[in-house]
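In: got a sequence here, can you model it:
(2 chains)
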Amino acid sequence: DAGVIQSPRHEVTEMGQEVTLRCKPISGHNSLFWYRQTMMRGLELLIYFNNNVPIDDSGMPEDRFSAKMPNASFSTLKIQPSEPRDSAVYFCASSGRDSRASYEQYFGPGTRLTVT
Amino acid sequence: AQSVTQLDSQVPVFEEAPVELRCNYSSSVSVYLFWYVQYPNQGLQLLLKYLSGSTLVKGINGFEAEFNKSQTSFHLRKPSVHISDTAEYFCAVSPYNTDKLIFGTGTRLQVFP
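Out: Below you'll find the predicted structure:
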């Protein structure tokens, strides 16, 4: 299995630009999570989906952030417009609540976003 | 609501010494418990988990943790650390009724030769 795939691995953009982060979960997993990691705030859950439906988006910082999951194999996290304080590492994780996965979340390698 | 407290932000230790990383949690419902490790510039990787059964769980790389329900703790231990264990370690809980993971703030383990 290829694991959770995220793209791009690094993104540098200017303030005000739109940024789209992409995630491909592990095949067969039915839950997908977006996290943000910064030195100041640690690891924060932004949003998670179950069976492609957003279940909890209470961690999304503001309306500039949006996430979609059009199908079981793809999700995006969009920031529009981006601001310097959005600079962070964004992780995607997936899990499957079956006997095989046993509630474990599998993390992707992350996207390091820098907004100048 | 749930919360996870990792009391030590940094733990320096010499190679081959034992180590314990502390984790306490609070929750109004039953939870599953996890330890994840993050090596530099990488994502998080599961070390071990407690779902039910024996309170002493063994994970990868020689790590183990013990669930103590009365003290609401899940401390991580290793009898002899290696340089390659240098990383950030995160304790997390997942309430029975949700898929969410609530993470602690992490403990940076630095192993010196």
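In: could you measure whichever residue of chain B sits closest to chain A against residue B:81, distance?
Out: Nearest residue of chain B to chain A: residue B:43, at 3.6 Å (CB to the nearest CB). Glycine gets a C-beta too; all of them are placed from N, C-alpha and C. Residue B:43 sits 22 Å away from residue B:81, going by CB to CB, to the nearest Å.
In: what do you get for residue A:16?
Out: Taken as CB to CB, the span from residue A:16 to residue B:81 is 46 Å.
In: so if I had to pick from the two, which one is more boxed in?
Out: residue B:81 (23 against 10; other CB atoms under 10 Å in any protein chain shown).
In: roughly how far apart are that one and residue B:105?
Out: Distance from residue B:81 to residue B:105, by CB to CB: 21 Å.
In: skipping adjacent residues, who's closest to the residue in chain A that chain B sits nearest to in space?
Out: Among the residues of chain A, residue A:107 lies closest to chain B, at 3.6 Å counting by CB to the nearest CB. Using CB to CB, 6 or more residues apart in numbering or on different chains and skipping residues adjacent in sequence, the residue nearest residue A:107 is residue B:43, 3.6 Å away.
In: residue B:32 too?
Out: residue B:94 (4.6 Å).
In: that neighbour: neighbour count?
Out: 22.
In: same question, residue A:30
Out: Residue A:30, neighbours per other CB under 10 Å, totals 17.
In: related to what we said a few turns ago, what about the residue of chain B closest to chain A, how many neighbours?
Out: 21.
In: and the gap between it and residue A:70?
Out: Distance from residue B:43 to residue A:70, by CB to CB: 23 Å.
In: what of residue A:91?
Out: For residue A:91 relative to residue A:70 (CB to CB), the value is 20 Å.
In: ok, these two, which is more surrounded?
Out: Using other CB under 10 Å, the more surrounded residue of residue A:91 and residue A:70 is residue A:91, with 26 against 9.
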